[in-house]
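J.: dropping a prediction and its sequence here:
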Amino acid sequence: MNTEELKSLKVVVLCGGWSDEREVSITSGTECKKALEGYGFQKVDLLDIAEPAFAEKLARGGYDVAFPALHGRYGEDGCIQGMLEVMHIPYAFSGVYASAVATQKEAAKVLFEKAGLRVPRGVDLAPATKLTQEQKDALVDELGLPLFVKPSGNGSSFGITRVTEKSQLQGAVDLAGATGERVLVEECVEGTEITVPVIGNDDPHALPIVEVVTGAEFYDAKVKYEPAELHHVIPARLAPAVYAKAQSAAEKAHKALGCAGCSRSDFIVTAMGEPVILETNTIPGMTPASLLPDSARHGGIEFGELCAKFVKLAVQKSTSLQADGE
């Protein structure tokens, strides 16, 4: 498909929804719509999936491609992807399986380890777990302090607590499990925090690595949406061999999960130069402060071109799946 054919497609950008990241998603969707139109796409609609008439509008829209700019529950976890599959609408980014597994951190860690990637040590708990004193003692003995308690399936650092005292554990577990998610208790890996965006379907390649610098205890939801120049160092200040190893690890994570279009994997690089993977995002933020667009810009890909590339990869993914099914 040449550029003019691509620009002739009718695209629907999906945003909003019901997750903690609703407002961020609306900003992402608005920015993506503007970018596609600025690149030359003539038919781009923006739909909030929480609108009462959303399903009807989507079904009657005659769309060639859907562009999910959704984050968190119902948008990044395979739900909307399943709906689009049933409606036979090609869509950008990862499919149902990769989306679902990537949002469940403990499940994703199993695939990361099979791919040879190092993951933090951790314990998975049921939501609403009430810890006994013996359980608290065992968690601290196994994982040490400080440690992190987080929802296994949430995004954008919502519900995460950095626990520095044993007495904080139950409150952190209650917060992480407040939405019914399973709870992940993980060791705190010390080192340089980086994120590595990856673009592509079957043959993905990593973009410039972003080093995340904050004055906070960790890269929390507040810090994530402050101006990029306050917290992003591109390229990350890593030794060349470590830099290459981190990019390779992100590509392995992308393949291990079966991602498509793009992904963005977060790591801590230890003092020994070992990247430890924390999680992979299948629909990274697309706001002006977001990590993926900032990395792409430093790699010579402007925002409009980036969004157009995701539409093209969506078409290629759909065409490939149709060919496999014949």
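T.: Cool, the structure landed. Numbers count the residues shown, from 1 in each chain.
J.: ranges for the strands of the stretch 151-300 of the chain?
T.: Using DSSP state E, counting those that start in this stretch, the strands found in the stretch 151-300 of the chain span residues 161-163, 183-187, 192-199, 205-206, 210-212, 232-233, 262-269, 275-281.
J.: for Gly171, which of the ones you listed is the nearest?
T.: Minimum separation from Gly171 across the strands of the stretch 151-300 of the chain (C-beta to C-beta) falls at strand 161-163, 7.4 Å. Where C-beta positions appear, they are placed from N, C-alpha and C, glycine not excepted.
J.: and the closest one, what does it pack against?
T.: strand 147-151, helix 169-176 (3 or more C-beta pairs under 8 Å, 6 or more residues apart in numbering; DSSP states H and E).
J.: now the angle from the last one to strand 183-187?
T.: Our comparison of helix 169-176 with strand 183-187, counting by axes from the mean of the first three to the mean of the last three C-alpha atoms, to 10 degrees, yields an angle of 130 degrees.
J.: how far off centre is helix 169-176?
T.: 23 Å (C-alpha atoms, centre = their mean, to the nearest Å).
J.: who touches it?
T.: 125, 128-131, 136, 139-140, 149-151, 154, 159-161, 163, 183-185 (C-beta atoms under 8 Å, 6 or more residues apart in numbering).
J.: name the nearest residue to the spatially most central residue of the chain, ignoring sequence neighbours.
T.: The centroid of the chain falls nearest to Asn281 when counting by C-alpha atoms, centre = their mean (1.7 Å). Excluding the flanking residues, the one nearest Asn281 by C-beta to C-beta, 6 or more residues apart in numbering is Arg264, at 4.7 Å.
J.: show me what contacts the one you found?
T.: Here Arg264 is in contact with 195-198, 280-281, 284, 291-292 (C-beta under 8 Å, 6+ apart).
J.: could you check the pLDDT of it?
T.: Looking at Arg264, its pLDDT reads 98.
J.: ok, what's across the strand from it?
T.: Beta bridges link Arg264 to Pro197, Asn281 when assigned by DSSP bridges.
J.: how much space between it and Leu291?
T.: Remark: distance between Arg264 and Leu291 (C-beta to C-beta, to the nearest Å) = 6 Å.
J.: common neighbours of those two, please.
T.: 195, 197, 284.
J.: just the buried ones from these, in ChimeraX syntax?
T.: Selection of buried members from the shared contacts of Arg264 and Leu291 for ChimeraX, criterion 16 or more other C-beta atoms under 10 Å:
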select :195,197,284
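J.: so which of the shared contacts of Arg264 and Leu291 is the closest to Ala66?
T.: Distance to Ala66 across the shared contacts of Arg264 and Leu291 (C-beta to C-beta) is lowest for Pro284, with 17.0 Å.
J.: quick one: contacts for the closest one?
T.: 197, 262-264, 290-292.
J.: could you rerun that using 10 Å?
T.: Pro284 sits next to 28, 71, 76, 93, 155, 195, 197-198, 262-265, 290-293, 295 when contact means C-beta atoms under 10 Å, 6 or more residues apart in numbering.
J.: buried ones in stretch 115-126?
T.: 115, 117, 119-120, 122-123, 125.
J.: could you measure from Glu187 over to Glu211?
T.: Remark: distance between Glu187 and Glu211 (C-beta to C-beta) = 21 Å.
J.: returning to what we had before: in TSV, list the strands of the stretch 151-300 of the chain along with distance to Asp48.
T.: Below are the strands of the stretch 151-300 of the chain laid out as TSV (distance: least, C-beta to C-beta, whole Å):
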stretch	distance to Asp48
strand 161-163	31
strand 183-187	30
strand 192-199	26
strand 205-206	32
strand 210-212	29
strand 232-233	29
strand 262-269	22
strand 275-281	21
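J.: which of these comes out lowest on mean pLDDT?
T.: Taking the mean pLDDT of the strands of the stretch 151-300 of the chain, strand 232-233 comes last: a mean of 92.
J.: each with direction, which strands does it pair with?
T.: The partner list of strand 232-233 in its sheet, established with DSSP bridges, is strand 210-212 (antiparallel).
J.: now the partner strand: buried residues?
T.: 210-212.
J.: and that strand, how far out from the chain middle?
T.: Distance, centroid of strand 210-212 to centroid of chain: 15 Å (C-alpha atoms, centre = their mean).
J.: which other residues reach that strand?
T.: Contacts of strand 210-212 (C-beta under 10 Å, 6+ apart): 192-197, 218-219, 223-224, 228, 231-238, 264, 266-269, 291-292, 294-295, 298.
J.: longest helix anywhere in this structure?
T.: Scanning the chain for the longest helix, with DSSP state H as the assignment, gives helix 303-325.
J.: how big is the angle separating that one from strand 192-199?
T.: 60 degrees.
J.: what is the end-to-end distance of stretch 132-151?
T.: 20 Å (C-alpha to C-alpha, to the nearest Å).
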